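1. coordinates for the following, if possible.
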Amino acid sequence: MKVHFISIGGSVMHQLAIALSRKGYQVTGTDDEIFEPAKSNLAKEGLLPLNIGWQPDLITDDIDAVILGMHAKADNPEMLKAKQMGLKIYSFPEYIYQESKDKTRVVVGGSHGKTTTTSMIMHVLRHCNKQFDYLVGAKLEGFDQSVNITDAPVIICEGDEYPASAIEKKPKFHFLFPHIAILTGIAWDHINVFPTFDFYLEQFVIFINKIEKGGILIYNETDPVLKELVENNLRTDIRYQPYQIPFHTIENGRTTVTINKTTGILKIFGNHNLLNLFAAYYACKELNISDGDFIMAIGSFTGASKRLELIGSNKSSNVYRDFAHAPSKVKATIDAVKEQYPDRKLIGILELHTYSSLNEKFMEEYKGAMDKADIAVVFYSKHALELKRMPELPKEKILKGFAKKDLMVINEKEELWDWLQHQSYSNSNLVLMSSGNYDGLDMLTFAKQITS
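-> Okay, the predicted model is just below:
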């Protein structure tokens, strides 16, 4: 097979390129900019383009597949030439399907918990020495790639609902056709892509209808929106498996879970993680993993990168970082830490960084999200607004939206840094929630300083 990547430097694209090269395919690729770590990763595998920029001359009639990344625009000269020549052009998820037509496909969808649930399934299968391919949106301990394509009989995919490519605007998870599908919950986000809630919901209805006949939908029945959506779109040719929070106990900051009389101690915690765990359990059950093997394996799972990740700790305090930015994710993270450590002060710092979270009209969606934080700070940078070409976001709109007494709103990184230096972190947990980088502040070093 000869495969060409347009926009090979993408975070996931370059890893697929590496996976296919390792499989024995002839791989070429181009991009107009390539940053680290993609640059070093591609160079190590001998796949780094010799020249930066689009190179239509590389589009030849012997190419079996052209894979188009999100970064490539609709007028990309390589893509236009490939179209003119009648070559097969795939978005990333379309190509993943091409490579997995003969595999059992597990696809994890939902507004939150996708990465963690996918990671849990991968962790358990690896622990049980099962062969599988995968696609996941984070760096996981024990896996050198976030994408792997081999001749394994099973593939585990994180399937998100955002557009597949510049020319294919349908959601990625519409192209994966699962045999085993998971929906973790539905919470409206990314209003720049999904302008209305009904339009957002419709994407999940389509996903349900893409499940292969004879397949199974594993869904979170504690989410009322998802539960109603499933019940209003029942199919007679697939099975349904609802799940909820499994039985568990919390003692001295340690969670123990029990499933079908099999009990194990966990390294993760929080109701959202317990829900993800139960979804992963049912998927693994479909893949013939026993209860005992599942509980034993999941006990060593420490989480995915930036998903309630412990980045600093001492006897009286922990510092966590989390990718949380959508209202439901922020609330789940705050609630989880407070429930796990009810006697510790909880300091929550949320950076508004996405298009939705910086949108004045979206603020009311955050009402109650940080209520359980003893000290709550919302930070956003003027720089982020400028990069996204968005209008000014008044602090008063944030205060009104979150509707939390004593909420602090800061939009200067120097002010946030100064504030952090003057807090007491004894008998406290600090939770840093962001999909950005706090306008360049070194939070990792800070976490180590206050817990050393």
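2. L430: what secondary structure?
-> Assigned state for L430: strand (three-state reduction, DSSP: H, G, I helix; E, B strand; the rest coil).
3. likewise C284?
-> Assignment for C284 (three-state DSSP): helix.
4. give me the number of residues near it?
-> Look at C284: counted by other Cβ atoms under 10 Å, it has 25 neighbours. Glycine gets a C-beta too; all of them are placed from N, C-alpha and C.
5. give the residue farthest from the middle of this structure.
-> Using Cα atoms, centre = their mean, the residue of the chain lying farthest from its centre is D61. It sits 36.5 Å away.
6. ok, that residue touching K88?
-> No: between D61 and K88 there is no contact under Cβ atoms under 8 Å: 11.6 Å.
7. related to what we said a few turns ago, distance check, the closest residue to the residue farthest from the centre of the chain other than its chain neighbours against N273.
-> Excluding the flanking residues, the one nearest D61 by Cβ to Cβ, 6 or more residues apart in numbering is M85, at 6.0 Å. According to Cβ to Cβ, to the nearest Å, M85 stands 48 Å off from N273.
8. ok, those two, which is more surrounded?
-> N273 (24 against 12).
9. show me what the strand or helix carrying the more buried one is packed up against.
-> According to DSSP states H and E, N273 maps onto helix 271-286. For helix 271-286, the elements it packs on are strand 104-109, helix 114-127, strand 180-183, strand 216-220, strand 239-243, strand 254-259, helix 291-298, helix 327-340, judged by 3 or more Cβ pairs under 8 Å, 6 or more residues apart in numbering; DSSP states H and E.
10. buried residues in whatever helix or strand M79 lives in?
-> Here M79 sits within helix 77-85, counting by DSSP H and E. For helix 77-85, the buried set under the neighbour-count rule, 16 or more other Cβ atoms under 10 Å, comprises E78, M79, K81, A82.
11. quick one: mean pLDDT over it.
-> If you average the pLDDT over helix 77-85, you get 97.
12. next: stretch 206-214.
-> Rounded mean pLDDT across stretch 206-214 is 98.
13. then stretch 406-413?
-> 96.
14. now the end-to-end length of it.
-> Distance across stretch 406-413, first residue to last, is 20 Å (Cα to Cα, to the nearest Å).
15. okay, buried residues for that stretch please.
-> Result for stretch 406-413 [16+ other Cβ under 10 Å]: buried residues L407, M408, V409, I410, N411, K413.
16. and the contacts of that stretch?
-> 370, 375-382, 393, 395, 398-399, 416, 419, 438-441 (Cβ atoms under 8 Å, 6 or more residues apart in numbering).
17. ok so P342 is a helix residue?
-> No: with three-state DSSP as the criterion, P342 is coil rather than part of a helix.
18. how near is it to I265?
-> 19 Å.
19. over to M85?
-> 58 Å.
20. now do Q55
-> Q55 is 54 Å from I265, by Cβ to Cβ.
21. comparing those two, which residue is more hemmed in?
-> Using other Cβ under 10 Å, the more surrounded residue of Q55 and I265 is Q55, with 17 against 10.
22. tell me the pLDDT at the more buried one?
-> 97.
23. return the residues in contact with it.
-> Q55 touches T30, P49, E78, counting by Cβ under 8 Å, 6+ apart.
24. can you rerun that using 10 Å?
-> H4, I6, T28, G29, T30, P49, P77, E78 (Cβ atoms under 10 Å, 6 or more residues apart in numbering).
25. ok, for the fourth one, nearest residue in space, not its chain neighbours?
-> Once flanking residues are discounted, G29 sits nearest to I8: 2.8 Å by Cβ to Cβ, 6+ apart.
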